[in-house]
Every structure is written in C-alpha cells, then in structure tokens.
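**Student:** Here is my input; please provide its structure:
(chains A and B)
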Protein chains: 2
Amino acid sequence: MSNASEHFTTTSEHQPTKPGRFVEMNLVDKVEFLPGLTFQPVLGENMLVNFVHFEPDTEAPVHVHVEEQLVIVVDGSFDFEIDGEVRTLSKGDLAVVPPWVPHGARTHESSCDEIDVFNPPRTTLLNLAQTQANEGTAPA
Amino acid sequence: MSNASEHFTTTSEHQPTKPGRFVEMNLVDKVEFLPGLTFQPVLGENMLVNFVHFEPDTEAPVHVHVEEQLVIVVDGSFDFEIDGEVRTLSKGDLAVVPPWVPHGARTHESSCDEIDVFNPPRTTLLNLAQTQANEGTAPA
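**Tutor:** Now for the predicted structure:
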C-alpha cells in the first residue's frame, strides 16, 4: 500500500470518542491575560491551541512548564527566547519547546500574532478553554 | 497567586528532556503527497505540526485515524467535511477532529494553506518529519 493510500484510509478501528466541531475564531472570547497580551484558547482532546496577540512593547516573561509547546508565528514579529538564545521570529518561523525548557517572548515596534500549541492542554489555560469549548462554537 | 503569575512561573520541577529549537519553514522540504497537495511536517515530542498547501481543485479524501487533529486555516479556503457535514473554511476558521472521526477536504477555485496539528504524531508522516527534524533546521 502506498504512503498516500495508507494515509487516507477509511478503515476505522474504533468508534469516535466524541463528535468533531467547527470553530470560528472571531466568536471565541479574547482574554487579556496581561496588558497587551491577548489569548484565545481552543481545546482539543489532549491538545490546546492558543491564539495569541502581542501589542507592541509587550512581554511574555521567561517561564517553564511541563507541557510541550510549539510556537507558530502568523503575523508581525517578536523576539523569542529559548533557554537563553534569542531570535526574531516572523511569519514562517516556528519554535519547538520541549517540557521544562525556559522560554519567553517580547515585541518591540511591531505587534505579533502567533499560535501556541500545547500537549497536554496547558493547565493554566484550561478553564478559559473549557468555557470556549462549551459556549463560543457551533457543533459539527 | 494570580493566574498570570502562575502561568509565567520559573519554578522548574524537572530538567528538560531535550533542547528547544527554532525552525524556518522555508528550509523545510516540501513533499508533494498527492498531486496538488504539499506537506511540510515539523515534529515535536508528542505532537506533529504539518503545514499543508492545497492547489485549486485538489482533494484530501475522507479518511480516519487514531490521532486527534486540529485544523487551522491560514490562507485561501477549502471545503472541510467532518462526519458528513461540509463547511467552507477560510482564515480564522478551525476544525477540531477527535480520534476516528471521518474527515476530508477539497479546494475548488482557490488554493488553501492550512496547519494540521496531530497528537500523537501521525504515524504516516513520522518518517518525513524525522528527516526534517534531523536535517532542515538549526538547533537552538
């Protein structure tokens, strides 16, 4: 079997655990977590995706957590620090942050829109995300 | 402790399991998986992020898999199907696909750029992603 036909198989080994759903981000509440730093978390099963907006001159201080994190920049730019190394990231740049690796970010003149993906869901965002999953979206 | 100070804690309970890294997507090989359908997978620890480009009139047939999947549209649009329901998704739209839920997508006149996030890493993309993790990126 080719990789593509294996990839697109319809052979199901189990029943779905829950239905799928569509989410419109403009219906998801924006929570200002710190001044200039806005979060829109969306909850999956064992993942959480957080849409983050940084105003100019805004800092997410260096911190650590048990959850692994992927950072995807979609607009603007910011300086992102991984374990002491700082790079300026813009659209098309990613950061891969394993559990407990110190990291932080700050904008200067530009704003920045980026997507953080956490596995498992980041506990400090779970309450926000569960509210969203129950209220702000339409079921599939 | 406020939610923000809990979120940005520097109190580490464990050593990192591996170093972090920065990834430039324009250095990640583009693999044409089907005609018109291009993948750029990036591997985390227990997640895989796949940057997907659909040319116009391209189909990812309905399929199922054990991995949960989040779909984030970043440019253009496509018709996305979850368990028989089809919606047209564009920038700012997401689909949340739990394990074993049938789903597929197809473009018409427009192309589409979207990001698929899988937990755990989708097995059919693992070989592609491991090559990328070892070759196409600069370590932090």
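
**Student:** mind listing the strands for chain A?
**Tutor:** For chain A, the strands defined by DSSP state E cover A:21-24, A:31-34, A:37-43, A:48-54, A:59-63, A:68-82, A:85-90, A:93-97, A:103-106, A:112-119, A:138-139.

**Student:** Select, out of these, the one closest to B:Ser77.
**Tutor:** Between B:Ser77 and the strands of chain A, the shortest separation by Cβ to Cβ is 13.2 Å, and it involves strand A:21-24. For the C-beta atoms, the positions are set from N, CA and C on the backbone; glycine is no exception.

**Student:** Just send the strands of chain A back as TSV, with mean pLDDT too.
**Tutor:** Converted to TSV, the strands of chain A look like this (pLDDT from 0 to 100):
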stretch	mean pLDDT
strand A:21-24	95
strand A:31-34	91
strand A:37-43	95
strand A:48-54	97
strand A:59-63	96
strand A:68-82	97
strand A:85-90	98
strand A:93-97	97
strand A:103-106	98
strand A:112-119	98
strand A:138-139	48
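
**Student:** Take those and write them to JSON lines, including mean neighbour count and distance to B:Pro99.
**Tutor:** Shown next, in JSON lines, are those (neighbours: other Cβ atoms under 10 Å in any protein chain shown; distance: least, Cβ to Cβ, whole Å):
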{"stretch": "strand A:21-24", "mean neighbour count": "19", "distance to B:Pro99": "14"}
{"stretch": "strand A:31-34", "mean neighbour count": "16", "distance to B:Pro99": "28"}
{"stretch": "strand A:37-43", "mean neighbour count": "21", "distance to B:Pro99": "15"}
{"stretch": "strand A:48-54", "mean neighbour count": "23", "distance to B:Pro99": "16"}
{"stretch": "strand A:59-63", "mean neighbour count": "18", "distance to B:Pro99": "31"}
{"stretch": "strand A:68-82", "mean neighbour count": "22", "distance to B:Pro99": "19"}
{"stretch": "strand A:85-90", "mean neighbour count": "15", "distance to B:Pro99": "32"}
{"stretch": "strand A:93-97", "mean neighbour count": "24", "distance to B:Pro99": "24"}
{"stretch": "strand A:103-106", "mean neighbour count": "21", "distance to B:Pro99": "29"}
{"stretch": "strand A:112-119", "mean neighbour count": "23", "distance to B:Pro99": "14"}
{"stretch": "strand A:138-139", "mean neighbour count": "10", "distance to B:Pro99": "17"}
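
**Student:** now these as TSV including distance to B:Met47?
**Tutor:** Listed next are those as TSV, based on distance: least, Cβ to Cβ, whole Å:
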stretch	distance to B:Met47
strand A:21-24	18
strand A:31-34	22
strand A:37-43	15
strand A:48-54	11
strand A:59-63	19
strand A:68-82	6
strand A:85-90	19
strand A:93-97	9
strand A:103-106	16
strand A:112-119	5
strand A:138-139	25
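
**Student:** nearest to B:Pro98, of the ones you listed?
**Tutor:** From the strands of chain A, taking Cβ to Cβ, the stretch that ends up closest is strand A:21-24, at 9.0 Å.

**Student:** Using CSV, list the CA coordinates for that closest one.
**Tutor:** Provided in CSV are the C-alpha atoms of strand A:21-24 (Å, rounded to 0.1, in the frame of the first residue of the first chain):
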residue,chain,number,x,y,z
ARG,A,21,-16.7,20.6,15.6
PHE,A,22,-16.0,23.7,13.7
VAL,A,23,-14.7,26.8,15.4
GLU,A,24,-14.8,30.4,14.2
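
**Student:** Go through the strands of chain A and name the closest to B:Pro120.
**Tutor:** strand A:112-119 (8.5 Å).

**Student:** other SSEs contacting that closest one?
**Tutor:** strand A:48-54, strand A:68-82, strand B:112-119 (3 or more Cβ pairs under 8 Å, 6 or more residues apart in numbering or on different chains; DSSP states H and E).

**Student:** Cool, thanks, talk later.
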